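Student: This is the structure alone, sequence omitted:
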């Protein structure tokens, strides 16, 4: 089982509640944080996800842990008929809904509150499901992935964009230095919530990336599982189908 990391280690709340609290706290700064800590490369990664989804010509798409809706909004380019962005954080969704309205996409993109481990949808409901920087926040990883498998249509595509740890020199050493010293310093500039930014770094380091995550997906029942390391291995795009 992957090691469970929580934002607030002294809290009596479970991981799920702590993650919700954390993202509510940093929601108004989250987009700026993403741009800074990834040097803007996260935009390029999301575009790759959109292209992979677009190839399958889905009519319905679910974006889990949608946050402020960046990926859900970009997925409008796929030509889908309906896109649902789901997140556990009301604060993040508030920001996301505003962005959807500003883009004139309210008829296409629904932003709803929900639990990734208890999805409020029938079996076989979506042609494509995406998660960007969210699976490591699942309280029980396999339970969340099983729910995704349940609501994905047979033949549908599942794509995960998640942080990972470089394995080759000198990128491995550079990443370790960045996450230990630079990322916490950036976090302090964005928020007084130091625990939140420590969590973002620590959860990325403990996530079962690469082949280990492939194996978990296959255990759930997904087929055609592949992983594509991005930018020297600091992130990975995983693709699978049902």
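Tutor: Thanks, I have the structure now. Quick caveat: nothing in here was measured; it's all calculated off a predicted structure.
Student: Just the pLDDT for residue 193.
Tutor: Looking at residue 193, its pLDDT is 61.
Student: likewise residue 89?
Tutor: pLDDT for residue 89: 95.
Student: Now do the contacts for it.
Tutor: Contacts were defined as C-beta atoms under 8 Å, 6 or more residues apart in numbering; by that measure residue 89 touches 19-20, 23-24, 27, 67, 113. C-beta coordinates here come from the backbone N, C-alpha and C atoms, glycine included.
Student: could you redo the last one with a cut-off of 6 Å?
Tutor: 20, 23-24 (C-beta atoms under 6 Å, 6 or more residues apart in numbering).
Student: Skipping adjacent residues, who's closest to it in space?
Tutor: residue 23 (3.9 Å; C-beta to C-beta, 6 or more residues apart in numbering).
Student: Identify each buried residue in the host helix or strand of the one you found, please.
Tutor: Counting by DSSP states H and E, the element that carries residue 23 is helix 15-26. Using 16 or more other C-beta atoms under 10 Å as the test for burial, helix 15-26 gives 15-26.
Student: what's the following helix or strand after that helix?
Tutor: helix 30-37.
Student: just the angle between the helix or strand immediately after that next one in the chain and helix 30-37, please?
Tutor: As assigned by DSSP H and E, the chain's next helix or strand after helix 30-37 is helix 41-54. For helix 41-54 against helix 30-37, the angle by axes from the mean of the first three to the mean of the last three C-alpha atoms, to 10 degrees is 110 degrees.
Student: Buried residues of helix 41-54, list them for me.
Tutor: Those would be 42, 45-46, 49-50, 52-53, for helix 41-54 by 16+ other C-beta under 10 Å.
Student: any idea how far it is from the chain center?
Tutor: Relative to its chain's centre, helix 41-54 lies at 13 Å (C-alpha atoms, centre = their mean, to the nearest Å).
Student: pLDDT on the helix or strand just after that helix, on average?
Tutor: Per DSSP H and E, the first helix or strand lying C-terminal to helix 41-54 is strand 60-64. Confidence for strand 60-64, expressed as mean pLDDT, is 98.
Student: what do you get for stretch 35-55?
Tutor: On average, stretch 35-55 scores 89.
Student: ok, of the buried residues of helix 15-26, which one's closest to residue 199?
Tutor: Nearest to residue 199 among the buried residues of helix 15-26: residue 22, at 6.6 Å, using C-beta to C-beta.
Student: Tell me how far that closest one lies from residue 180.
Tutor: 20 Å (C-beta to C-beta, to the nearest Å).
Student: Low-confidence stretches in the protein?
Tutor: Scanning the chain for pLDDT under 70 picks out 1-3, 8, 10, 187-188, 190-198, 201.
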